[in-house]
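> Fold the following.
(chains A, B, C and D)
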There are 2 protein chains.
Amino acid sequence: MSLRNAVMAALLDGESSGYDLAKAFDASVANFWICTPQQLYRELDRMETDGLIEARTVEQERRPNKRLFSLTSKGRDELTRFTAAQHKPTAIRDELLVAVLAADSGDVEAVKASIRERRQWAEAKIQRYERLRAKLLDGRTEDEFLETAERVGPYLTLLRGLSFERDNVRWCARSLTVLERRGARLDAST
Amino acid sequence: MSLRNAVMAALLDGESSGYDLAKAFDASVANFWICTPQQLYRELDRMETDGLIEARTVEQERRPNKRLFSLTSKGRDELTRFTAAQHKPTAIRDELLVAVLAADSGDVEAVKASIRERRQWAEAKIQRYERLRAKLLDGRTEDEFLETAERVGPYLTLLRGLSFERDNVRWCARSLTVLERRGARLDAST
DNA sequence: CTCACATACTCAACTTGTTGACTAGGTCGA
DNA sequence: TCGACCTAGTCAACAAGTTGAGTATGTGAG
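Model (predicted):
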């Protein structure tokens, strides 16, 4: 239901093709709203039918034509209404945590490997987010940015993603320590 | 696909009715895997058909009969296989963050109210998790617990939930400050 | 004595999300 | 010049998640 709102929020930055939106989602929105390109294209069609966005076809040489979408005023109104509405609590689905829950009677070594992988992944994401942040700040300090920027929303959601991944890294390290000690203890007792 | 794995991991604690599983999910698993009671009941039926769990009907006076589910050895094998498999990255969906992303051109006051609500919610969750943790520790220090406990998985996932909510509280506080300053600046410039 | 809340589910309809394959051209490196 | 990857999508089929209502009984608070 609120993929559309995420799309509209992304379109506040200006018109964009479905393909670009997919990339933008992947880069920053994925942090709090994930979706596949297919979902995006389907939703964009529906939103156009509903008059929330409008499309402009751009003919391109050497490349397939693309459709650039932009918010209509109806879409803008809808989005404002959404910001004023009640929001559902965070929905998380994390298979790794399911595996950790079951680790004691499962393949502990494999779970440890998955945690290490997750930690690396999180570290890579932190790097990407930091680069995005530097780009947003554009040489300014955070205070200067917050003073002068037109929009602070993208910055705040970026901060959330950053601290989530940092927290992830800490938890991974802690869990690995616990599982390693436990392994050593079990080895010693056999 | 891996709701079943989450259910099986929960059944490691012993047999349980669908109703109790729903409550358990709500209390602790919700932290990394959310689902509605309907999803649970449907999945339990399928899992029974697939031989991953088995049901025992318990007749009750004064109450509807209930079915207690427990893991079969096939289910246990499946779960072990799952712990050894590759896991999809975390999938988060958070409407509040979508609203924050769009806050600059939306109803900022309403978004601030939502953030305050989220912060209270997170604080309540921290309380609940701390109580759950005290119950798991059962008077022991963390080190003692990690030495003696049969399962550390539930503790580790609980820690993840705790730090997630603490991080949430910090982010809410920070975002409110930013949005308030911004509001003050905009007021001053009109 | 009523109302809300707890136990313990079931059913149906609908909306979302996921997977895999297909079209069609372009660029870049080995 | 071959294969891999990028742009920019479309289509179909299926799996999973969501919502709302219904069934039937019991307990405790006001």
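> where does chain A come near DNA strand C, residue by residue?
Residues of chain A lying close to DNA strand C (Cβ under 7 Å from any atom of the strand) are A:1, A:3, A:34, A:35, A:36, A:38, A:39, A:42, A:62, A:63, A:64. C-beta coordinates here come from the backbone N, C-alpha and C atoms, glycine included.
> can you rerun that using 10 Å?
By Cβ under 10 Å from any atom of the strand, the part of chain A that sits against DNA strand C consists of A:1-4, A:6, A:33-43, A:46, A:60-64, A:91, A:93.
> Can you say which of those residues are buried?
Listed as buried from the residues of chain A next to DNA strand C are A:2, A:3, A:4, A:6, A:33, A:34, A:35, A:40, A:43, A:93; burial here means 16 or more other Cβ atoms under 10 Å in any protein chain shown.
> any idea of the pLDDT on the first one?
So that's residue A:2. Looking at residue A:2, its pLDDT stands at 87.
> Same list, the residues of chain A next to DNA strand C, but only the ones touching DNA strand D.
A:1-2, A:36-42, A:60, A:62-64, A:91, A:93.
> so what's residue A:21 up against?
Contacts were defined as Cβ atoms under 8 Å, 6 or more residues apart in numbering or on different chains; by that measure residue A:21 touches A:7, A:10, A:11, A:40, A:44, A:69.
> which of the ones next to DNA strand D among the residues of chain A next to DNA strand C sit farthest apart?
Pairwise distances across these (Cβ to Cβ) peak at 41.7 Å, for the pair A:62 and A:91.
> Just give me the neighbour total for the residue in chain A positioned nearest to DNA strand D.
Here chain A gets closest to DNA strand D at one residue, residue A:17, 2.8 Å apart by Cβ to the nearest atom of the strand. By the criterion of other Cβ atoms under 10 Å in any protein chain shown, residue A:17 has 17 neighbours.
> Not counting its neighbours along the chain, what's nearest it?
Leaving out its chain neighbours, the residue that sits closest to residue A:17 by Cβ to Cβ, 6 or more residues apart in numbering or on different chains is residue A:66, at 4.4 Å.
> Could you count how many residues lie near that neighbour?
17.
> got it, and residue A:169?
Using other Cβ under 10 Å, residue A:169 has 17 neighbouring residues.
> related to what we said a few turns ago, among the contacts of residue A:21, who's most crowded?
The most neighbours of any of the contacts of residue A:21, using other Cβ under 10 Å, belong to residue A:7, which has 29 neighbours.
> How about the contacts made by it?
Contact analysis of residue A:7 by Cβ under 8 Å, 6+ apart lists A:21, A:40, A:43, A:44, A:47, A:53.
> Helices - which of those residues land there?
Members of these lying in helices (criterion: DSSP state H): A:21, A:40, A:43, A:44, A:47.
> pretty sure the second one is in contact with residue A:18, am I right?
If I follow you right, that is residue A:40. Yes. Here residue A:40 reaches residue A:18: they are 5.7 Å apart, a contact under Cβ atoms under 8 Å.
> Show me what the longest helix anywhere in chain A is packed against.
Selection of the longest helix in chain A by residue count, based on DSSP H, yields helix A:153-188. Packing partners of helix A:153-188 (3 or more Cβ pairs under 8 Å, 6 or more residues apart in numbering or on different chains; DSSP states H and E): helix A:108-137, helix B:95-101, helix B:142-148, helix B:153-188.
> Restricted to helices, list the ones next to DNA strand D among the residues of chain A next to DNA strand C.
A:37, A:38, A:39, A:40, A:41, A:42.
> Quick one, grab the pLDDT at residue A:62.
We note a pLDDT of 68 for residue A:62 in this prediction.
> what bits of chain A have low per-residue confidence?
Across chain A, the ranges flagged by pLDDT under 70 are A:1, A:61-62.
> can you do 80?
For chain A, the stretches with pLDDT under 80 are A:1, A:60-64, A:186-190.
> Show me which residues of it sit near DNA strand D.
Applying Cβ under 10 Å from any atom of the strand, we find that chain A lies next to DNA strand D at A:1-2, A:16-23, A:36-42, A:44-45, A:48, A:55, A:57-58, A:60, A:62-69, A:88, A:91, A:93.
> one more time with 6 Å, if that's ok
A:17, A:18, A:19, A:38, A:41, A:60, A:63, A:64, A:66, A:67, A:91 (Cβ under 6 Å from any atom of the strand).
> Give me the neighbour count for the third one.
Put plainly, it is residue A:19. Residues near residue A:19, counting by other Cβ under 10 Å, number 14.
> and it, how far is that from residue A:34?
17 Å (Cβ to Cβ, to the nearest Å).
> circling back to that earlier point, would you turn the buried ones among the residues of chain A next to DNA strand C into JSON lines with distance to residue A:181?
Converted to JSON lines, these look like this (distance: Cβ to Cβ, whole Å):
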{"residue": "A:2", "distance to residue A:181": "43"}
{"residue": "A:3", "distance to residue A:181": "43"}
{"residue": "A:4", "distance to residue A:181": "48"}
{"residue": "A:6", "distance to residue A:181": "42"}
{"residue": "A:33", "distance to residue A:181": "37"}
{"residue": "A:34", "distance to residue A:181": "34"}
{"residue": "A:35", "distance to residue A:181": "40"}
{"residue": "A:40", "distance to residue A:181": "45"}
{"residue": "A:43", "distance to residue A:181": "47"}
{"residue": "A:93", "distance to residue A:181": "29"}
